[in-house]
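Chemist: What shape does this take:
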Amino acid sequence: MLQTNWVVRSAEVEETLAAGGPVVALESTIIAHGMPYPKNVETALAVEQVVRDNGAIPATIAIINGKMRAGLSVDEIELLGKEGAAVPKASRRDLAVLAARGSMGATTVAGTMAVANLAGISVFCTGGIGGVHRGATETMDISADLEELARTPVMVVCAGAKSILDLGLTLEYLETQGVPVLGYKTDELPAFYTISSGFGVDYRVDDPAEIARIFKAQLELGSRQGMVVGNPIPEEFAMDRDYIDAKINEALAEADRLGIKGKDTTPFLLDAIQKATAGKSLEANIQLVLNNAALAAQIAVEYSKLGPI
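Modeler: Sure thing, here's the model as predicted:
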């Protein structure tokens, strides 16, 4: 853990980490860019509560007035939710600029991992990771999330990679970078809105305690990579695979027609899919994040029992 004045932990997070207790990092892009207000704030607070209900302390991460904050107040979450897309998305490349300018920033998966690592937090919960975009063989559009996983020792609990991506190439990239992909009670990589993707994970693990032991062993072996834990969306909230794939393809075609590229692609696609599914995809998104928060907290509790590296 790097000591720096740019990173500020809330008193609760500070005390919990000092005592060796369980903390779960949470991203803030989902608040500012992932959902409309006030649903974004309601969801963020609900996710924090699920973490607490499962025995850990939540640390929502964002940049507030140039400081990397690990643990936000309700007012700060409300501010992010109201400001919405006006808040810059903050990946690793953006952190120094936003900090030096005293700006706000909503951290992506990559940005949250970077700050969580600086703050000494090992377990992070999100909805779905970014990855290799469809058509990347020509566009080279590959999410910074993958490179962050390759160099930052933080576990990411997620519902797999977002199904708008090329999941096969995403897994190939992670394999090349030495990032293990575990499936929680599943042999397949979850595909965000759907339980299955047709692509296998590296290992299936059915117990949060074993996941914690594997991650600690990985760190003790000197690995600097992160770890992906794929946790399928609960079956009652999962969407039909053929149905959602058709909506994704329609959204991809529209993004191509409008010339939308780079970091604007994912929020555009998620919004387009939400509208095309009459809000069903948004509800699925909320439920999978809540499900991931419960598992992440359970893993964090078990990880805290293993003691320091």
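
Chemist: Residue 183: neighbour count?
Modeler: By other C-beta atoms under 10 Å, 22 other residues sit near residue 183. Any C-beta I mention is one placed from the backbone N, CA and C, and that applies to glycine too.

Chemist: Could you look up the SS state of it?
Modeler: Following DSSP: H, G, I helix; E, B strand; the rest coil, residue 183 is assigned to strand.

Chemist: If we ignore the residues flanking it in sequence, what's nearest it?
Modeler: residue 201 (3.6 Å; C-beta to C-beta, 6 or more residues apart in numbering).

Chemist: what ranges do the helices span in the stretch 151-300 of the chain?
Modeler: Ranges of helices within the stretch 151-300 of the chain are 167-176, 208-220, 241-258, 265-276, 280-304, based on DSSP state H, counting those that start in this stretch.

Chemist: Next, the buried residues of the third one.
Modeler: Just to be clear, that refers to helix 241-258. Within helix 241-258, the residues that qualify as buried are 241, 244, 245, 247, 248, 251, 252, 255, counting by 16 or more other C-beta atoms under 10 Å.

Chemist: Would you reformat those residues as CSV and include distance to residue 94 and pLDDT?
Modeler: As requested, the buried residues of helix 241-258 are exported to CSV (distance: C-beta to C-beta, whole Å; pLDDT from 0 to 100):
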residue, distance to residue 94, pLDDT
241, 34, 85
244, 30, 86
245, 32, 82
247, 30, 84
248, 27, 81
251, 25, 83
252, 26, 78
255, 22, 80
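
Chemist: Now those residues in CSV, please, with extra columns for distance to residue 299.
Modeler: CSV is the format used below for the buried residues of helix 241-258 (distance: C-beta to C-beta, whole Å):
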residue, distance to residue 299
241, 27
244, 28
245, 30
247, 32
248, 30
251, 33
252, 33
255, 35
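
Chemist: got the end-to-end distance for stretch 13-29?
Modeler: 20 Å (C-alpha to C-alpha, to the nearest Å).

Chemist: How far does it sit from its chain's centre?
Modeler: 15 Å (C-alpha atoms, centre = their mean, to the nearest Å).

Chemist: Quick one: mean pLDDT over that stretch.
Modeler: Confidence for stretch 13-29, expressed as mean pLDDT, is 98.

Chemist: Quick check: buried residues in it?
Modeler: Residues 13-14, 16-17, 21-29 are the ones in stretch 13-29 that count as buried (16+ other C-beta under 10 Å).

Chemist: And stretch 163-183, by the same measure?
Modeler: Neighbour counts using 16+ other C-beta under 10 Å place 163-167, 169-171, 173-174, 179-183 of stretch 163-183 among the buried residues.
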